[in-house]
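Asks: Turn this into a model:
(chains A and B)
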Amino acid sequence: MGEAEFAVIGTGEVPTGNYPERSEFEIAYTVARTAIQDAGIDKDEVGAVLCAQHIMSNPDNDYNTEMVFGRLPEAIGAKGCKVTCMTSSGGASSYSIRKTAEGILRSGETDTVLVVHAQRFSQFSANEQAKYFSIAGCDVEWEYPYGMTYNSLAAMITQAYMTYTGTTIQQIAAVCVACRKWAMLQPNAMFNNKEITIDKVVNARMVSYPLTTLMCNVLGDGGSAFVMTTAEKARKVCDRPVYFLGEGSDYSHRTITRANMMDFNQLTAFLGPIANEAYEKSGLGPQDMDIFEIYGSYPTINLMVFDSLGVTEPGKAGELVEAGETSPGGKYPCSTNGEAMSFGHTGTGCGFAILVETVRQLQGKAGAAQVPGARFAIENCGGGAFMDCHFTVMGSEVP
Amino acid sequence: MAGEKIDIETIKAMLNLTDEDLVKPLPIPTQWSQPFWDAAKEHRFVLKKCSKCGNVDHPPYLYCTACSADEHEWVEAAGRGTLSAYAINIFGVPFPFWVDLPYVVAVVELPEGVRMISNVVECDHEKLENGMELEVVFDDVTDEVTLPRWRPVDESRRG
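Replies: Numbering: from 1, shown residues only, chains lettered A, B, ... in the order given. As a prediction, this is how the structure comes out:
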């Protein structure tokens, strides 16, 4: 029945965290080499090199300009490169850049595309970062003058979601605990050496009621890469390629007050059909998924996305998480790299990290975090002030 | 919910902030939003309504987001709304807003069919409730700029 056109055959990643001495160029070159080696191909087979945007720029040596002007293929010696470009849609970049890669592959220009993300926040001062992120998440004319921030946006959504669904603050905190448990198994996670408890998360310093510091993501430097090919080539060169089996997308808004589903108890009505489209196109359903790789960026968004996956009744995801069902060893392994809360938030890279982790899991290369026998997963990302949503069903086989 | 307060002067010294870093951002109107801010300055609350299809847009854009027409009028809005979601900022806000902590940011739903982000002021934080009725108040933050904010209609909820 099913058909797959494209696949990922190799990935690369560096640790996420505060590494001011490690430049974004070093990250990009490193993950590019690792991904090519992991794919088992020669670098000269790469016919297109695509980069994601670096958040905030250093005017003295701007990564974005360098990459737009073709620095990466030269630096890694990709002699077969014909096309290079930069793509960005914030947290949804892993999806939009993948669609760009698919277009290039489908054109026949090349059968091998390298996709790279790199980010270094730590070169900017705390004030610069705070300014950037308070403005990035909201509308500068209509929201920022009121003291709106990314965290308050997530806090409002949390407040409304809890009110409408009866989800408790302990259940919201349970998402952070589950993410930490996964991150403890991930060598590249930013927070992987200290367990947290629901009590600790709930009682941490309040940032924007009802969110505490441990419910907010933390920015970190990091990066990852993957090699995409046609499914045909993937079968020839790779023992265990990971295929894109079906996907769904939708765009909602820039300004949160214009969201399609502004009643936050109705978000599932926006997200659910997108997930269903991905399932339908893949010929698989929630019961076939071994892993649910969600990029929520905040615990409540993670729950809302999980509500939409056909596993639980909408509004009940918190109960499953609190019962440990999304944690290591649970029935519904979810966000197995620890997500933005514990893996670290690398700007446009969060979605990349989730995609790369999905591939690792399905290739059986996830180390201590490996979900035994994982064959199929649904992966998710979105960007902006929750402007859009993308779901992709991926598999190590074509059903 | 309060948590220990960190003085802005301490942060200023710690992070080497300048006075400029503490200046509050003001709306920078566009050619198509200027009438909203002009009206606010006169303590009137107006919204952009399409003359062709009647769609009300907020935030307003260059032309109607429903039918793409240019023709429009600025209509007086009721100045009433309901609270559909809120957050109480306690810590970690942009430095210019540090002096206001704790403060409420909210999604206000207007009877004209649009929503806006604003602050709920003159309110007992313990008495915030989804669905509560709000009325607009005008805050002249500078000689040039007035921000519409919202307060509870019910006086027993005011703080």
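
Asks: ok, the longest strand along chain A: who's next to it in the sheet?
Replies: In terms of residue count, the longest strand belonging to chain A (DSSP state E) is strand A:6-17. Next to strand A:6-17 in the sheet, as set by DSSP bridges, lie strand A:221-230 (antiparallel), strand A:242-251 (antiparallel).

Asks: now the last one: mean pLDDT?
Replies: What it means is strand A:242-251. For strand A:242-251, mean pLDDT is 97.

Asks: Now that strand: buried residues?
Replies: For strand A:242-251, a neighbour-count test (16 or more other Cβ atoms under 10 Å in any protein chain shown) marks A:Val242, A:Tyr243, A:Phe244, A:Leu245, A:Gly246, A:Glu247, A:Gly248, A:Ser249 as buried. (Glycine included, C-beta is placed from N, CA and C.)

Asks: now do the first one
Replies: Within strand A:221-230, the residues that qualify as buried by neighbour count (16+ other Cβ under 10 Å) are A:Asp221, A:Gly222, A:Gly223, A:Ser224, A:Ala225, A:Phe226, A:Val227, A:Met228, A:Thr229, A:Thr230.

Asks: on that earlier part again, same list as before, the strands paired with strand A:6-17 that is, but in JSON lines and with distance to B:Lys24 included.
Replies: Below are the strands paired with strand A:6-17 laid out as JSON lines (distance: least, Cβ to Cβ, whole Å):
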{"stretch": "strand A:221-230", "distance to B:Lys24": "31"}
{"stretch": "strand A:242-251", "distance to B:Lys24": "32"}
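
Asks: Nearest to chain B among the buried residues of strand A:242-251?
Replies: The closest of the buried residues of strand A:242-251 to chain B turns out to be A:Ser249 (Cβ to the nearest Cβ; 20.8 Å).

Asks: what sits against the closest one?
Replies: Residues in contact with A:Ser249, defined by Cβ atoms under 8 Å, 6 or more residues apart in numbering or on different chains, are A:Tyr95, A:Ile274, A:Asp388, A:Cys389, A:His390, A:Phe391.

Asks: now with 7 Å?
Replies: A:Ile274, A:Asp388, A:His390 (Cβ atoms under 7 Å, 6 or more residues apart in numbering or on different chains).

Asks: Let's see if you can find the most crowded of these.
Replies: For the contacts of A:Ser249, neighbours were counted using other Cβ atoms under 10 Å in any protein chain shown, and A:His390 has the most, 26 neighbours in all.

Asks: where exactly do the strands run in chain A?
Replies: A:6-17, A:48-52, A:83-87, A:112-119, A:206-209, A:211-212, A:221-230, A:242-251, A:291-293, A:376-381, A:388-395.

Asks: Can you tell me the element the residue nearest in space to the middle of chain B falls in?
Replies: The residue lying closest to the centre of chain B (Cα atoms, centre = their mean) is B:Ser118, at 2.6 Å. B:Ser118 is part of strand B:115-120, with elements assigned from DSSP states H and E.

Asks: what's downstream of that strand, the next helix or strand?
Replies: strand B:133-140.

Asks: where does the chain have low pLDDT?
Replies: Assuming you mean chain A. Applying pLDDT under 70 to chain A flags the ranges A:1-2, A:262, A:264-265.

Asks: let's do chain B instead
Replies: Along chain B, the model assigns pLDDT under 70 to residues B:1-4.

Asks: Fine, thanks again, bye for now.
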